[in-house]
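> got a sequence here, can you model it:
(one chain, ligands or ions: 2)
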Amino acid sequence: MLLGLSIVEQLTRARGDLRMGVPVMLADNGAILVVAVEALSAERLAALRTLGPLELVLTARRAETLKTPAYDGDLVRIAVPDDADMTWLRALADPADDLRFPMKGPFRSLRDGSAALHRAAIQLVKSAPLLPAVLAVQVPPDMPTAGLTRLSLPAILPELGRASPLHPVSAARLPMAAAGAGHVHVLRPEDGGPEHYAIEVGRPDRTAPVLARLHSACFTGDVLGSLKCDCGPQLHAALTQMGAAGAGVLLYLNQEGRGIGLANKMRAYSLQDQGFDTVEANHRLGFEDDERDFRLGADILRGLGFSAVRLLTNNPAKIAMMEANGITVTERVPLHVGQTDQNAGYLATKAAKSGHLI
Ligand SMILES: Nc1nc2c(ncn2[C@@H]2O[C@H](COP(=O)(O)OP(=O)(O)OP(=O)(O)O)[C@@H](O)[C@H]2O)c(=O)[nH]1
Ligand SMILES: [Zn+2]
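Ligands and ions are numbered 1, 2, ... in the order given. Next up, the predicted model:
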């Protein structure tokens, strides 16, 4: 129906609901109501309690730190005790105070029934992007939802993992200190997600491999000149090299914090202040090392008419994803700049644990 919502539109609305702390219904043969723990209010918690026993859904990564068996493989469903309050839920969802107040498990992990609805809920909050922790309660699939978003699992599953198509919105000339004449293109995804930018330096020849950089947003490095990472210097060095070569294309992808968002990246930084490295911090929060989807970089390049690149990177995963998505990488151009005393550990961890080339 033209006036109804498409599946993609329903998912976008659901992400907004979850960010506001509004419950979303996920239904298949059974149904659950879910709320993101970090946005939950005490009133909603009380209201959900009237519907039945509550379950806290976390990723297996988070369960590892909580020393709780994850019977559902990549996630765990923990029975929420009747007297558990907001503090209890937040302490399990957010590792900020793990060291100050070690959790007093054991927790009762549930193993009966299917976790397919819960898995979709975790995927949805991750893409919101919120901490991967949801409160869930089973409800009858035909329960009146009083205006709440209702998602059908079979309908959303194919869309959840799909990269949303991007469309050019606007473009203009931009003179840059580092690279001389350039053009900035703004690209907008169909699903209402964040816009991404493509910066063309000079007039790159579409018939030859172009000097290219896929840069993931780093507010702290790019804007604040953080010494904890190498992003700012990499961004500027890439533009400078493209300027010197007379042509290039830099994709500025809004995938802050390797896809976990700035709020979660700051949670990770706070864990790093407690002594965890960049990978351990992501895991303690319940995320994978890297939650980025590099497919969109390949899509943007193809949309701009490029099929082969000389890729400025130290990250082999970016090369593999380009190749897997139809962009030929004729050469890797190393990008080693911006080493500081403060980021030596970070760069060493990326080399040791994430396969970065040095
Ligand atoms: N979660 C998390 N993200 C971080 C941390 N430090 C930097 N980042 C993010 O990591 C990303 C770095 O992106 P890139 O420099 O494009 O990618 P890369 O994987 O380092 O690969 P190359 O720079 O191409 O070699 C940015 O999104 C930063 O915001 C951290 O400690 N934790
Ligand atoms: Zn950075």
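> what does the stretch 201-350 of the chain have sitting close to ligand 1?
215-218, 229, 231, 234, 255-258, 260, 265, 268, 278, 282, 313-315, 318 (CB under 6 Å from any ligand atom). C-beta coordinates here come from the backbone N, C-alpha and C atoms, glycine included.
> quick one: contacts of the helix or strand hosting residue 32?
Following DSSP states H and E, one finds residue 32 within strand 31-36. Outside strand 31-36, the residues within contact range by CB atoms under 8 Å, 6 or more residues apart in numbering are 18-19, 21-26, 44, 48, 51, 57, 117-118, 121, 125, 128, 130-131, 133-141, 143, 148.
> just the buried residues out of those, in PyMOL syntax.
Here is the PyMOL selection string for the buried members of those, based on 16 or more other CB atoms under 10 Å:
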select buried, resi 18+22+23+24+25+26+44+48+57+117+118+121+125+128+130+131+133+134+135+136+137+138+139
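> could you list which of the contacts of strand 31-36 belong to strands?
The strands, defined by DSSP state E, take in 24, 25, 26, 57, 133, 134, 135, 136, 137, 138, 139 from these.
> domains in this protein, by residue range?
7-159, 166-255+292-353 (automatic domain parsing).
> can you give me the neighbour number for residue 16?
As a burial measure, residue 16 scores 14 neighbours (other CB atoms under 10 Å).
> list the helices and strands whichever strand or helix holds it packs on?
If you go by DSSP H and E, residue 16 is part of helix 7-20. When contacts are defined as 3 or more CB pairs under 8 Å, 6 or more residues apart in numbering; DSSP states H and E, helix 7-20 packs onto strand 24-27, strand 31-36, helix 116-126, strand 150-152, helix 153-160.
> what comes up buried for the helix or strand hosting residue 323?
Secondary structure from DSSP H and E places residue 323 in helix 316-324. Across helix 316-324, burial judged by 16+ other CB under 10 Å covers 318, 319, 321, 322.
> please name the nearest non-neighbouring residue to the last one.
Same thing as residue 322. residue 329 (5.1 Å; CB to CB, 6 or more residues apart in numbering).
> same deal with the second one?
The spatial neighbour of residue 319 that comes closest, neighbours along the chain excluded (CB to CB, 6+ apart), is residue 329 at 5.0 Å.
> I'd say the one you found and residue 313 touch.
No: counting by CB atoms under 8 Å, residue 313 is not a contact partner of residue 329; they are 9.0 Å apart.
> more neighbours: the two, which one.
With neighbours defined as other CB under 10 Å, residue 329 and residue 313 compare such that residue 313 has more, 23 against 19.
> ok, now which ones touch the more buried one?
213, 214, 319, 332, 333, 334, 335.
> please spell out the ChimeraX selection for the buried subset of those residues.
To isolate the buried ones among the contacts of residue 313 in ChimeraX, judged by 16+ other CB under 10 Å, type:
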select :213,214,319,332,333,335
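> which of the contacts of residue 313 sits closest to residue 152?
Residue 152 has its nearest neighbour among the contacts of residue 313 in residue 214, at 34.5 Å by CB to CB.
> I'd say that closest one and residue 252 touch.
No: using CB under 8 Å, residue 214 is not in contact with residue 252, being 9.0 Å away.
> so where do the helices sit in the stretch 201-350 of the chain?
231-245, 256-259, 261-273, 278-285, 295-303, 316-324, 344-353 (DSSP state H, counting those that start in this stretch).
> now tabulate these in TSV and tack on mean pLDDT and distance to ligand 2.
Formatted as TSV, the helices of the stretch 201-350 of the chain follow (pLDDT from 0 to 100; distance: least, CB to the ion, whole Å):
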stretch	mean pLDDT	distance to ligand 2
helix 231-245	97	3
helix 256-259	97	9
helix 261-273	97	9
helix 278-285	96	10
helix 295-303	94	17
helix 316-324	94	15
helix 344-353	81	9
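> related to what we said a few turns ago, farthest pair in the contacts of residue 313?
The widest separation within these (CB to CB) is 14.6 Å, between 214 and 334.
> spit out the contact partners of the residue nearest the centre of the chain.
Most central in the chain under CA atoms, centre = their mean is residue 259, positioned 3.0 Å from the mean C-alpha point. Contacts for residue 259 (CB under 8 Å, 6+ apart) come out as 129, 216, 290, 291, 292, 293.
> for the fourth one, which non-adjacent residue is spatially closest?
Yep, that's residue 291 we're talking about. Using CB to CB, 6+ apart, the closest residue to residue 291 is residue 259 (3.4 Å).
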